[in-house]
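Chemist: fold the stuff below for me.
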Amino acid sequence: MRRNRRVKIVATLGPASNNEKTIRALFEAGADVFRINMSHATPEALRQAHATIRKIETDFSRPIGILIDLQGPKLRIGKFESGAIRITEGDILSFVRRESVGGLGRVHLPHPEIFQAVQPGHALLLDDGKLRLRIVEASDVRIDAEVLTSGTLASRKGISLPDTVIPLAAMTDKDRADLEDALNVGVDWVGLSFVQRAKDIAEARKLIRGRAAIMAKIEKPSALTELKEIIELADGIMVARGDLGVEMPVEKVPGLQKQITRAARNAGKPVVVATQMLESMILSPAPTRAEVSDVATAVFDGADAVMLSAESAVGKYPVEAVATMDRVAIEVERDPLYERIIHAQRIDPEATGADAISAAARTVTETLNLAAIICYTASGATSIRAARERPPQPIIALTPIPGTGRKLAIVWGLHCVLTSDPKDLDDMVAKACRIAYQEGFALPGQRVIISAGVPLGTPGATNMLRIAFVGEETPDAQ
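Modeler: Take a look at the predicted model:
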């Protein structure tokens, strides 16, 4: 199955979609990767979804990626005797460590790490940012904060501290258990929540040990100060705009989306734009014009993938939401300005053989108007570097490793095909040309360009380009 667009679509599974019929329909409508949110999914639900996706993958002979999203630490206040209290602008609210039921002017805060980290002047947000406070005094056992926004504060509401680096690991005991379950099942991407520092990625990598790729979710302002280092250590980046918009002024989020997307692209790491892209389609069969523009902006920015959350997980119209996103992406990529905007963001290759080969492949492809770029890849690195160049021609990634094909399902412009390693250089060219024809990317008489590493099958050894004609005879590729 060939997509008519280069940006990929990630669809979150949930009560509205976690069955074989709907998952199959979501894939046929355009979903390339399925996300499972471990904040809500059980290990059994994960196993069932994994089995269903792999069955559909076999039916369509196309690698499908699975991304699990770890919950991360959840910071919440304690309970109130009355269930909720009213707070008024100018009041001083005291947060205390001592375990007790909160009351007027006093809130139990069961997170000692917060008391260790906050300082006077830091912002304190409650209930997804609806209530804003400023810390005026802090000690190891008590925090006094001035209320800046009046409202009602209910028990167990979430707390955020955008100015504070909290000494908490990005992974809880629940996350570690969920991660082990997911790795045993065989997921392809792990979404890491609550990333504050680069060392959060390093700690996760020790646990994962190469069994899945790491997607760092940028949702904390503190992560922006180490963005370069986080991108360097992660395998992919997610712009989690919902949480960013809670902890930062919402007017800053569009600019940050562009900055993060550009930084990830510079590093050759896949970047996903997420949260509230077609939010109204949770209840409506059609999106708003503003939502369509939002999706289009992410596509124009050159994001590798755009993601649906509640729209496909709990919404009334999950398949329609994917189909809408598919149509918007196709139309944007047909726009006369699209190639010009993408080319304006062209990135200089790094001083590596793989980057030089990928840049050369793009130049040759454009100069000779070739039909496709074909990459033989074991780890996926060769194809990711080719996609980094954002060429106008399609990129076919050929790999013998199912896990590589599934990981690449989230990468811009890559059409992944599982195939055996070629026997020699002649077989390499013949196989590439056959697959380009069979997958509908090239006609007999057209030319393609092939990149690979010699000796064949050596990871990270991309060192060869070959221009080849697609012949009249196209026997089945093995």
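Chemist: tell me who's in contact with G30.
Modeler: R3, R5, I9, V322, A323, M325, D326 (C-beta atoms under 8 Å, 6 or more residues apart in numbering). C-betas here are computed from N, CA, C, even on glycine.
Chemist: which parts of the helix or strand the third one falls within are buried?
Modeler: Taking DSSP states H and E as the criterion, I9 maps to strand 8-13. Judged by neighbour count (16 or more other C-beta atoms under 10 Å), strand 8-13 contains these buried residues: K8, I9, V10, A11, T12, L13.
Chemist: quick check: the fifth one vs A25, distance?
Modeler: In other words, T12. 15 Å (C-beta to C-beta, to the nearest Å).
Chemist: and the most far-flung residue of the chain relative to its centre, what does it touch?
Modeler: Within the chain, the residue lying farthest from the chain centre (C-alpha atoms, centre = their mean) is L104, at 42.1 Å. Counting by C-beta under 8 Å, 6+ apart, L104 touches I85.
Chemist: go on, V246?
Modeler: Applying C-beta under 8 Å, 6+ apart, we find V246 in contact with L125, D128, G129, S160.
Chemist: quick check: it is in a strand.
Modeler: No - assessed with DSSP: H, G, I helix; E, B strand; the rest coil, V246 is helix; it does not lie in a strand.
Chemist: now do the strands in the stretch 351-478 of the chain.
Modeler: 372-376, 395-399, 414-418, 447-453, 462-469 (DSSP state E, counting those that start in this stretch).
Chemist: from the chain's centroid, how far away is the lowest-mean-pLDDT helix or strand in the chain?
Modeler: Within the chain, no helix or strand scores below helix 353-368, which has a mean of 87 by mean pLDDT, DSSP states H and E. Remark: helix 353-368 is offset 27 Å from the chain centroid, using C-alpha atoms, centre = their mean, to the nearest Å.
Chemist: cool, stretch 87-105 as well?
Modeler: Counting by C-alpha atoms, centre = their mean, stretch 87-105 comes out at 38 Å from the chain centroid.
Chemist: rewinding a little: would you format the contacts of G30 as CSV with secondary structure, distance to D294 and pLDDT included?
Modeler: Output for these, formatted as CSV (DSSP: H, G, I helix; E, B strand; the rest coil; distance: C-beta to C-beta, whole Å; pLDDT from 0 to 100):
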residue, secondary structure, distance to D294, pLDDT
R3, coil, 21, 96
R5, coil, 17, 97
I9, strand, 14, 98
V322, helix, 16, 98
A323, helix, 17, 98
M325, helix, 11, 98
D326, helix, 15, 98
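Chemist: for the residue nearest to T419 when sequence neighbours are not counted, name its beta-bridge partners.
Modeler: If the residues on either side of it in the chain are set aside, T419 comes closest to L398, at 5.2 Å by C-beta to C-beta, 6 or more residues apart in numbering. With DSSP bridges as the criterion, L398 is bridged to Y376, V417.
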